[in-house]
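Undergrad: Test case, fold it:
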Amino acid sequence: MGWLYIGIILIFRGVQSQASKGASGMLPGEVRGRTLYLVYYQGVACLLALVALLFSGGFAAIDGITAFLATITGVFLTLSSLLSLLALKTGTLALGTFASSAGLIIPAAAGIFLYDEPLSLWQWGGVALMLCSAFLLGSSSKEQKGTFSLKTVWILLGSMAANGAVMLCQKYFAERVPDGSVSAYSFLTFLIPALALGIFLAVPSKQPLKPLDRRLYLYGGLLAVAVFVINQLATLAASLVDSVVLFGFINGGATVIAAVVGAAVYKEKLTVKSTVGILLGVVSMIVIKAL
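TA: Numbers count the residues shown, from 1 in each chain. Next up is the predicted model:
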């Protein structure tokens, strides 16, 4: 089942890539506008998680530890979503995905010390190949989009750290609450940040809150569906598959998918570097799985 989950996740990572790239070009420049978009996307994801929760046991499945871990996950997921959107505004899909994909180092390293999941020498090599793949794809993006500012570098590093923290929280929930409700965890992960950001929007401000571009509602809805499915299945798979395998495949695959989607949909060039990066990404996943 773990590998079935990973396969489905990779499909929805493609949906996530396209929705995120499309939304990034129309993301409002002001803070309140960005907040409104995040509230909308998280609200849709929360409704999806609520339906799943009602079909899997209802609110009785919510306990203190689930609520606590979901709150932490929600904070990092919100930060990761925002930083990813900002990264995509200044780079290609491959570059933005590289930033978040590199975050897999966090749960992979934590698995060694927390969950007795040592990495073989070959698996470390697979991780290294995956990072080389991401680096080449990112370098290709730099050549197409120009040089980076210090602000862009911080956005990319923040995206990496935030996404790594989300993966670590998912793994910790699976290990800490093995019989817990994944639907309850997902529901609270989306609900709590949506409520907090909604309260922020409700506070009177001199900055007018402009309506979102209509296309953002479409992209936000697609993003909500993709992130909900990914979050739900990644949490389920975390109890079935080692961290390095799970997050290596999800993130290595996502980088390759992003490069393909970027070339096919957004006319981003497949250079020699990006092509080699895609090939290395495929090899890295084979090495991580087989060895």
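
Undergrad: CA atoms for contacts and neighbours, from now on please.
TA: OK.

Undergrad: could you pull out the helices for this protein?
TA: Remark: helices assigned in the chain by DSSP state H are 2-24, 31-55, 64-90, 93-101, 105-114, 121-145, 150-176, 182-202, 214-237, 243-265, 272-290.

Undergrad: Would you mind getting the angle between the second one and helix 64-90?
TA: This means helix 31-55. Here the directions of helix 31-55 and helix 64-90 differ by 140 degrees (axes from the mean of the first three to the mean of the last three Cα atoms, to 10 degrees).

Undergrad: Report the buried residues of helix 31-55.
TA: 32-50, 52-53 (16 or more other Cα atoms under 10 Å).

Undergrad: other SSEs contacting that helix?
TA: Secondary-structure packing of helix 31-55 (3 or more Cα pairs under 8 Å, 6 or more residues apart in numbering; DSSP states H and E): helix 182-202, helix 214-237.

Undergrad: TSV for those helices, including mean neighbour count and mean pLDDT?
TA: Listed next are the helices and strands packed on helix 31-55 as TSV, based on neighbours: other Cα atoms under 10 Å; pLDDT from 0 to 100:
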stretch	mean neighbour count	mean pLDDT
helix 182-202	22	91
helix 214-237	21	90
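
Undergrad: and these as CSV, adding distance to residue 72?
TA: Compiled in CSV, the helices and strands packed on helix 31-55 are given as follows (distance: least, Cα to Cα, whole Å):
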stretch, distance to residue 72
helix 182-202, 8
helix 214-237, 14
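
Undergrad: who wins for proximity to residue 112 among those?
TA: Among these, the nearest to residue 112 by Cα to Cα is helix 214-237 (17.8 Å).

Undergrad: what packs against the closest one?
TA: Packing partners of helix 214-237 (3+ Cα pairs under 8 Å, 6+ apart): helix 2-24, helix 31-55, helix 150-176, helix 182-202.

Undergrad: what's stretch 37-53 in contact with?
TA: With contact meaning Cα atoms under 8 Å, 6 or more residues apart in numbering, stretch 37-53 is reached by 27, 59, 78, 82, 183-184, 186-188, 190-191, 193-195, 197-198, 212, 216-217, 220-221, 223-225, 227-228.

Undergrad: before we move on, the earlier item: and the helices of the chain: which comes nearest residue 208?
TA: helix 31-55 (8.3 Å).

Undergrad: How far off centre is the closest one?
TA: With Cα atoms, centre = their mean, to the nearest Å as the basis, helix 31-55 stands 15 Å off its chain's centre.

Undergrad: Going forward, the N-terminal residue is numbered 32.
TA: Yes, from this point I'll number from 32; that puts the last item at helix 62-86.

Undergrad: and of the helices and strands packed on helix 62-86, who's closest to residue 48?
TA: Comparing the helices and strands packed on helix 62-86 by Cα to Cα, helix 245-268 comes nearest, at 8.5 Å.

Undergrad: Kindly export the closest one (C-alpha atoms) in CSV.
TA: These are the backbone C-alpha positions of helix 245-268, laid out as CSV (Å, rounded to 0.1, in the frame of the first residue of the first chain):
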residue,chain,number,x,y,z
ARG,A,245,-11.1,34.8,-10.7
ARG,A,246,-8.5,32.4,-12.0
LEU,A,247,-6.9,32.3,-8.5
TYR,A,248,-10.1,30.6,-7.2
LEU,A,249,-9.6,27.8,-9.8
TYR,A,250,-5.9,27.4,-9.0
GLY,A,251,-6.5,27.6,-5.3
GLY,A,252,-9.2,24.9,-5.6
LEU,A,253,-6.8,22.6,-7.5
LEU,A,254,-4.0,23.3,-5.1
ALA,A,255,-6.3,22.5,-2.2
VAL,A,256,-7.3,19.1,-3.7
ALA,A,257,-3.7,18.3,-4.4
VAL,A,258,-2.3,19.3,-1.1
PHE,A,259,-5.1,17.5,0.8
VAL,A,260,-4.5,14.2,-1.1
ILE,A,261,-0.7,14.5,-0.7
ASN,A,262,-0.9,15.4,3.0
GLN,A,263,-3.4,12.6,3.7
LEU,A,264,-1.5,9.9,1.8
ALA,A,265,2.0,10.9,2.9
THR,A,266,0.9,10.7,6.5
LEU,A,267,-0.5,7.2,5.9
ALA,A,268,2.6,6.1,4.0
